[in-house]
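> attaching a predicted model along with its sequence, questions to come.
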Amino acid sequence: MFKPGVVYHVDYGGRGGAKTWTWADAVIVEACLRPVRILVTREFQISIEESIKDEIEEAIYSRGLEHFFTMTKTSIVGRNGSKLIFKGIKNNIKNLKSISNVDIVLCEESENIQKDSWEKLLPSIRPKSGLDPIFIILFNPDNELDDTYQRWVISPPDDCVSIKVNYIDNKYFPSYLEKQRLHCKKTQPMRTYRHIWEGFPTGAEGDVIMDLEWIKAARFASHHEDFVQSGIKKVSYDPAGQGRDSNAVVYQDGNIVKDIDEWVRSDDLREASNRAFDMATDNAAGLFTFDTCGGLGDGVDVFITDRKKEKKLKTPVFPFDAGAPVVNGKKTVNGTNRTWANLYTNAKAQAHAVTAQKFYNTFRFIKLGERDISPEDMISVDIADNGIFNKLARELSTPVWEKSDATSKKKVEDKKKMKKRTGQESPNIADALIMNNAPQPTGNRIHIG
């Protein structure tokens, strides 16, 4: 199982591949052959029952090695000094550093391990033997933009072996799972079946607002010979809230996203506002939009007004209030017999819907070859940096629609619910891009001068 010179052994795939059982057996054999310290971990582990300790104990009994290991409630210890320790990452990172002297790390359900956890865990493991540690990373892919999938499948390090393992690779695949597989194939969409049983990554569950495939199709859509640039230059600014939030600014040249700037929150709102507004002035933007939510709107408004006076500018400024009523609420939505006000709860939901439609239209244009789409109803994301594009795509494709209990209107999933469901932090750059594409109101809400 363990290959010479390989530090990271990665098995990923769908259900029924016996990945956990195979590696539980392998670490038990290794613990018999030499004294090793093995950390068995996952992103969250509140109790030992949430670990794969039972599976490892089954591997011990299946090999008749129960006389060699002492199994306590929290650990497994071998007669030769080998020890298996079970701890979660997220709430124990300081404790993990204190047990850095481990030889093997077995990461289970690694699709849930976040970027921050990987960056803390990996350099914390330093065996006293001086030998390279061994990491075993097991997961069923979720979203292809998750850090785990990107880190170990798309861009793995040189000393990594990534293998896709599915039910077809398991010679002991049980008949009851085969019945479930066939039923799933018969009754579920092929995309769902391939995700569950063949290990293909997919997007968010539920009524996702923007499909990942739409967003991917929009990358460099402007390079298509039939794409027509249209619209004014716009810059939108999502100021950082409290805690670990970040500032984000997006620049669009009409229907083409050309620049994204994101930086960690500081206490100097004036400096951040000036940095955002400078992107607008540097690109001669015809509109600057900023989010008024979070209690920062008044401050940003004051600082931008000061900046305009300082540089003698007349750039139109639009304070975007996500909780405000929809724009043109009485207007009928294309393709329906309902109005904007009938369908969507507030300006935020409307802006998400409009932006999603632009991405879908671009998908139709690029992937389906449809040419009867107006340029102003499409969007191209001309961002070359893969890391930034993937972050944007993840942020855009994570939120789902919810229904208001009182009105049955659509609203965007609450950010706290989204984080609990997916681990996704506040979608700062996605929010900025969506503001850039929100319907613009008329009247005195746009400040000029």
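Thanks, I have it. Not measured: the values here are computed from a predicted model.

> got any ranges where the stretch 151-300 of the chain has weak pLDDT?
203-206, 242-244, 294-295 (pLDDT under 70).

> all strands for it, in order.
160-164, 233-238, 246-253, 256-264, 287-291 (DSSP state E, counting those that start in this stretch).

> so what's the closest residue in space to N436 that isn't next to it in sequence up against?
The shortest distance from N436 to any non-neighbouring residue, by CB to CB, 6 or more residues apart in numbering, is to S236 (4.2 Å). Where you see a C-beta, it was placed from the backbone N, CA and C, and this is true even at glycine. If a contact means CB atoms under 8 Å, 6 or more residues apart in numbering, then S236 has 249-250, 288-290, 320, 432-433, 435-436 as its contacts.

> so which two of those residues are the farthest from each other?
F288 and L433 (14.4 Å; CB to CB).

> what sits against the residue nearest to F288 when sequence neighbours are not counted?
Closest residue to F288 in three dimensions, ignoring its sequence neighbours and counting by CB to CB, 6+ apart: A280, at 4.4 Å. With contact set as CB under 8 Å, 6+ apart, A280 has these partners: 235, 251, 288, 315.

> measure A280 to R307 for me?
10 Å (CB to CB, to the nearest Å).

> shared neighbours, those two?
With CB under 8 Å, 6+ apart applied, the contact sets of A280 and R307 do not overlap.

> I'd say F363 and R219 touch.
No - between F363 and R219 there is no contact under CB atoms under 8 Å: 11.1 Å.

> among the contacts of A280, which one has the most neighbours?
The residue in the contacts of A280 with the most neighbours, by other CB atoms under 10 Å, is V235 (28 neighbours).

> ok, that one to M435 distance?
To M435, V235 is 10 Å away according to CB to CB.

> ditto for F227
With CB to CB as the criterion, F227 and M435 are 23 Å apart.

> equivalent analysis for S100, please.
In this view, S100 and M435 are 44 Å apart by CB to CB.

> check L131 too.
Where M435 is concerned, L131 sits at a distance of 52 Å (CB to CB).

> who has more neighbours out of those two?
Between L131 and M435, counted using other CB under 10 Å, M435 has the larger neighbour count: 25 against 8.

> show me what contacts the more buried one?
Applying CB under 8 Å, 6+ apart to M435 gives the contacts 236, 238, 250, 289-291, 320, 351.

> now flag whichever of these is closest to E402.
Closest to E402, out of all of the contacts of M435 and judged by CB to CB, is A351, at 15.5 Å.

> report the secondary structure element holding the closest residue to that closest one other than its chain neighbours.
The shortest distance from A351 to any non-neighbouring residue, by CB to CB, 6+ apart, is to A438 (3.6 Å). Assigned by DSSP states H and E, A438 belongs to no helix or strand.

> burial count for A438?
That count, for A438 with other CB under 10 Å as the rule, works out to 22.

> what does A284 give?
Considering only other CB under 10 Å, A284 is surrounded by 10 other residues.

> might one say that it is in contact with K233?
Yes - using CB under 8 Å, A284 makes contact with K233 at a distance of 6.3 Å.

> and the helices in the stretch 1-150 of the chain, which stretches?
19-33, 53-62, 93-98, 115-121, 147-149 (DSSP state H, counting those that start in this stretch).

> returning to that earlier point: mutual contacts of V235 and M435, please.
Common neighbours of V235 and M435 (CB under 8 Å, 6+ apart) are 250, 289.

> coming back round to it: hey, which of the strands of the stretch 151-300 of the chain is tucked in deepest?
Greatest average neighbour count among those goes to strand 233-238 (a mean of 26), per mean count of other CB atoms under 10 Å.
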